[in-house]
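In: could you work out the structure for the sequence below:
(chains A, B and C)
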Amino acid sequence: MPEGLEVEIYRRAAEPLIGREIARIEVDERVAAPGVLDRIDDELRGGTVLSARRLGKQLLLDTDGPTLGVHFGMTGRIVVDDVAAIDQLEYGSGRDEPRWDRFRITLADGGSMRVNDPRRWSRVTLDPDISGLGPDLLEVTYDQLRIAVSGRSRPIKALLLDQHVVAGLGNLCVDEVLWHARIAPAHPAGELTGGEVAALHRCMRQHLPVMLDRGGSHRGEVSPAFRAALPSCPQDGAALVRETVGGRTTVWCPVHQV
DNA sequence: GCCCTTGTTACGCC
DNA sequence: AGGCGTAACAAGGG
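Out: From the prediction side, this is the model:
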């Protein structure tokens, strides 16, 4: 599940595209956002990639024409010049079947960028509207977080999963960060103390880059392997709990998360 | 063949 | 109006 961390890895993998000319575009109509199919060839072919940016889970490739936006859904992987940025995606298939290529840019120099996605939940857009997204998960400040939680009654987990609040957090990263910050997922956001919000912010700034360096959102201490086996809490040995919070499977420790 | 997975969105309620 | 919860949907894997 490409959360913001995976997409940051994808963004880095896409940087070699900068300065290269787009010669050909192939897109599965089912991953093209409305209207894109009609425009994309005319507006992108012959253009040059100028930069590779990211906001939350959106990869943004600026060209001298429109900006290309790619959202990777749950199982989309990027492959640049035939090298996959991530070999094995959590919940993905781990294979690279040609029939799962949903989007491909062929460059004038013969190279390519493609999106391989078994389940077709990726979305390709032109000049995506990202104005509704919150601050990026790797950049969000304490003040932004404090303002975001104030007056909100929703569980903190539901709030953090809301891309309008913080862009890029997914189910695994939220569980991981709350576990480190010692905050229960169902804790009403607005009832967190200043100290708890500070701990949450500090844990995001501290642990998300470590997970990024290790390879993504599944490389935390409450990893998917842990989640499946549901072992005892590595911090205090208590039995972990699995329940639904914010509509998602949630694993947490009822002893140290309050 | 049912049920699991996640991110997004539509929708109903308050 | 807008915050919130729930369900539906995408489709392959176990």
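In: show me what the helix or strand that contains residue A:173 is packed against.
Out: Under the assignment given by DSSP states H and E, the secondary-structure element containing residue A:173 is helix A:171-181. For helix A:171-181, the helices and strands in contact under the criterion 3 or more C-beta pairs under 8 Å, 6 or more residues apart in numbering; DSSP states H and E are helix A:156-161, helix A:194-214, strand A:248-252. Placement of C-beta: from N, CA and C, glycine included.
In: closest to DNA strand C out of those?
Out: Of all these, the one in closest proximity to DNA strand C, counting by C-beta to the nearest atom of the strand, is helix A:156-161 (4.5 Å).
In: and that closest one, average pLDDT?
Out: Throughout helix A:156-161, pLDDT has a mean value of 91.
In: list the helices and strands the helix or strand harbouring residue A:79 packs on?
Out: When elements are assigned from DSSP H and E, residue A:79 belongs to strand A:77-80. When contacts are defined as 3+ C-beta pairs under 8 Å, 6+ apart, strand A:77-80 packs onto helix A:4-14, strand A:112-116.
In: partner strands of the shortest one, with direction?
Out: Strand A:112-116 pairs in its sheet with strand A:77-80 (antiparallel), strand A:101-107 (antiparallel), by DSSP bridges.
In: right, and those - which one's nearest DNA strand B?
Out: Among the strands paired with strand A:112-116, strand A:77-80 comes nearest to DNA strand B, with 13.9 Å by C-beta to the nearest atom of the strand.
In: from the middle of its chain, how far away would that closest one be?
Out: Counting by C-alpha atoms, centre = their mean, to the nearest Å, strand A:77-80 is centred 15 Å from the centre of its parent chain.
In: hmm, who's touching that strand?
Out: For strand A:77-80, the external contacting residues (C-beta atoms under 8 Å, 6 or more residues apart in numbering) are A:2, A:10, A:13-14, A:16-17, A:59, A:70, A:72, A:84-86, A:89, A:92, A:96, A:111-117.
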